[in-house]
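**Student:** Attaching a predicted model along with its sequence, questions to come.
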Amino acid sequence: MSEGLAGHVIVETARQTHAQLIVLAASPGKPMLPGTVSQYVLYKADCPVMLVPSSSSAPQTTDQPKGDVPR
């Protein structure tokens, strides 16, 4: 386990392990805007970075089967 600023630790760990891809979750409430950690990693990483929606910012689903129309 490493200690330090999250962005720095992510970038340094990726370099040390020769990562081919870094996947980060977007900040909740801003699904397509990178937060400060994501921005740091996007600019400093030597490999591609994929930013995906966090589970709290993902579209909500219902238990209703497809094809049924709510009344």
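**Tutor:** Yep, that arrived.

**Student:** low-scoring pLDDT stretches of this structure, where are they?
**Tutor:** With pLDDT under 70 as the threshold, the chain has low-confidence stretches at 1-2, 30-33, 56-71.

**Student:** And the strands in it, which stretches?
**Tutor:** For the chain, the strands defined by DSSP state E cover 22-25, 49-52.

**Student:** Residue 42: which of those is closest?
**Tutor:** strand 49-52 (5.1 Å; Cβ to Cβ). C-betas here are computed from N, CA, C, even on glycine.

**Student:** Give me the buried stretch members for the closest one, please.
**Tutor:** 49, 51 (16 or more other Cβ atoms under 10 Å).

**Student:** coming back round to it: just put the strands of the chain in JSON lines and tack on distance to residue 39.
**Tutor:** Formatted as JSON lines, these follow (distance: least, Cβ to Cβ, whole Å):
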{"stretch": "strand 22-25", "distance to residue 39": "10"}
{"stretch": "strand 49-52", "distance to residue 39": "10"}
